[in-house]
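A.B. asks: Take a look and give me a structure for this.
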Amino acid sequence: MSRSARTVIARATGATVAMSRLWPGRADRLTIAPHDLRTADATRAAEIYAGRFVFAGKIVTCHGRSIFDLEPPSEDWEVALLGFGWLRHLRAADTALTRANARSLVDDWISNPGRKRPLERRPDVLARRVISLLSQAPLVLGDTDGKFYRKYLRGLTREIRYLRYAMLDIADGVPRLQVLIALCYASLCLANQARHIRSATRRLSDELQRQILPDGGHISRNPGALVELLSDLLPLRQTFAARNIAPPPALLNAIDRMMPMLRFFRHGDGSFALFNGMSNAPSDLVATLLAYDDTHGVPMANMPYTGFQRLDAGATTVIVDTGPPPSPNVSQEAHAGCLAFELSSGPSRIVVNCGMPSTGRDNWRSFARSTAAHSTLTYHDTSSCQFIELSAMKRLLQGAPVVSGPANVESYREAMADGDLLTTSHDGYLAKFGVVHRRVLMISQDGGRLDGEDTISPAPGTRIKGAETDFALRFHLHPAVKASRLSDARGVMLVLPNRDVWTFEALDDKVDIEDSVFLAGNDGPRRTAQIVIRQDSRHASSVRWSFVRSATTAAGTNARRNARREPELPL
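C.D. replies: Prediction:
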């Protein structure tokens, strides 16, 4: 086990001991406070003490009023407030003042159970609040008396009771797992819960076996689900150990499968590939999660159950979506990005998908889920998946699930003498347009070249439907990449942040550089560029292209451009 993993686990164990020392001998008591792996910022404690609550890019100032009585500026903000995850920032400060502040805010909440906030009983929010109140109990109860302890316990028990009822009406996927994880925590952290421990463990085990696929991916096909779930499952494993109860095999097996998948989606800079609702992942949280991984193995190349392929050569990485959309019940965040890929070289991402912003998702959701927001082929400006559009249905289904999309997605990889070859195809445009999209990728052994070919063709024995035969091939660039179209209009020079130069070429087609947006930035959406090739399938059904790493530096390339009196590339 790595040193960092031992440190994290030691801190978790210390937290579990603290509760038994606070309140020894009580029959109705908290026995364990699980560790919270999510990132804490002690500087946020001063803001909260001053009555300024900054969540999801929005600020609300109390001005002496209860924060729970104020109108929330957005749903994301209210979810963050009612999840009580902000208690970790007060605990990170660890002063008498912040402990008193935390106790006052929690007392305010549990003393007024009659508040009617729209989101307070939503199962995933309720689960987060229960986990926060359990894990941050040492902060709230450290300097208190028995009267407040009993009040806290009554309020916590009430929340857990609501959570058990929430199981009757809860969305499938991550929210359902979060509720079961929270109930498992509750049964382990409270005394005299043997019956609940057995039932909660059994239900969680069944759900983990259903939702975590054999290759370690989640049934939603969203890489972010792995980060979210592992942040709770790893401390849960330690909580079982702290209670001298063997963790269920399904929990251990799920973690063992998810860890390699976590590495699978990472680029060289530590960021995650942007598929199916993925936003930016906190690098420090991911580093903490990976500290629990003793294998530190090389990511696997093929994840057939989740539907992704990874090509690694030298310092170059290509991650490709080669799976159909998830089932409708877990597709509220799924994207129409079949056969899209991301390309990175060392610590620099080159080709990306637009991703999903971490806040303000409703403003961008429709675009972010479209095929045009991904580095793949879009036929007649139409997405390869269709989503529920009626507002009434969205409310009823708690989102906009996928209603149709690729049913047959094929992928085949082969080791060649000069590199790895990946051949893929999907039929997402077959029903409406009568065509199949086929993409072939070839990466050289040293990673210095990626060749591709995209083909639109009718299914065997059929013809293209309708008069719409136009398509566009898009390669969205990371905002840190500087792009300049070459003078022959058949290529683009790309300068990376480390001043390495790559060249994109499509010798038989005109290449355009158009505006794009990178939605998954740490500081919100950022303007960027995309390489676009437009073509008509009746005239040219196939487009060949390549990304090639240059042996020259950006400075040398600009010098030659100046000698030819071409405009200098902005660096």
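
A.B. asks: per-residue confidence at Leu396?
C.D. replies: The predicted structure scores Leu396 at 54 on the pLDDT scale.

A.B. asks: before we move on, what about Arg561?
C.D. replies: Per-residue confidence for Arg561 comes out at a pLDDT of 44.

A.B. asks: same question, the one 3 residues further on
C.D. replies: Arg564 is assigned a predicted lDDT (pLDDT) of 37.

A.B. asks: if you skip the residues just before and after it, what's nearest to Gly448?
C.D. replies: Closest residue to Gly448 in three dimensions, ignoring its sequence neighbours and counting by Cβ to Cβ, 6 or more residues apart in numbering: Arg549, at 4.4 Å. For the C-beta atoms, the positions are set from N, CA and C on the backbone; glycine is no exception.

A.B. asks: Check which helices and strands whichever strand or helix holds that neighbour sits against.
C.D. replies: The secondary structure element spanning Arg549 is strand 542-553 (assigned by DSSP states H and E). When contacts are defined as 3 or more Cβ pairs under 8 Å, 6 or more residues apart in numbering; DSSP states H and E, strand 542-553 sits against strand 449-458, strand 500-505, strand 526-536.

A.B. asks: now do 7 Å
C.D. replies: For strand 542-553, the packing partners by 3 or more Cβ pairs under 7 Å, 6 or more residues apart in numbering; DSSP states H and E come out as strand 449-458, strand 500-505.

A.B. asks: From the contact counts, what lies against the first one?
C.D. replies: Think strand 449-458. Strand 449-458 sits against strand 435-444, strand 542-553, with contacts defined as 3+ Cβ pairs under 7 Å, 6+ apart.

A.B. asks: Quick check: which of the ones you listed is buried the most?
C.D. replies: Mean neighbour counts were compared across these using mean count of other Cβ atoms under 10 Å; the top stretch is strand 435-444, at a mean of 22.

A.B. asks: what about that one, distance to the chain center?
C.D. replies: In terms of Cα atoms, centre = their mean, to the nearest Å, the gap separating the centre of strand 435-444 from the centre of its chain is 26 Å.

A.B. asks: just stretch 34-48 next, same as before
C.D. replies: How far stretch 34-48 lies from its chain's middle: 21 Å, per Cα atoms, centre = their mean.

A.B. asks: Give me the distance between the two termini of it.
C.D. replies: Taking Cα to Cα, to the nearest Å as the measure, stretch 34-48 stretches 23 Å from start to finish.

A.B. asks: And for it, what's in contact with it?
C.D. replies: Residues outside stretch 34-48 that contact it (Cβ atoms under 7 Å, 6 or more residues apart in numbering) are 11-12, 15, 54, 85-86, 88-93, 98, 101, 134-135, 185, 189, 231, 234-236, 238-239, 282, 284-285, 288-289.

A.B. asks: Likewise for stretch 195-206?
C.D. replies: Judged by Cβ under 7 Å, 6+ apart, the contacts made with stretch 195-206 from elsewhere in the structure are 180-181, 183-184, 187-188, 248, 250-251.

A.B. asks: what's the answer for stretch 106-119, then?
C.D. replies: Residues from elsewhere that reach stretch 106-119 (Cβ under 7 Å, 6+ apart): 66, 68, 75, 78-79, 82, 125, 140, 151-152, 155, 158.

A.B. asks: Would you write a ChimeraX line that selects the buried entries of those?
C.D. replies: Buried residues among the contacts of stretch 106-119 (16 or more other Cβ atoms under 10 Å), as a ChimeraX selection:
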select :68,75,78,79,82,125,140,152,155
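
A.B. asks: Restricted to helices, list the contacts of stretch 106-119.
C.D. replies: Residues of those located in helices (DSSP state H): 75, 78-79, 82, 125, 140, 151-152, 155, 158.
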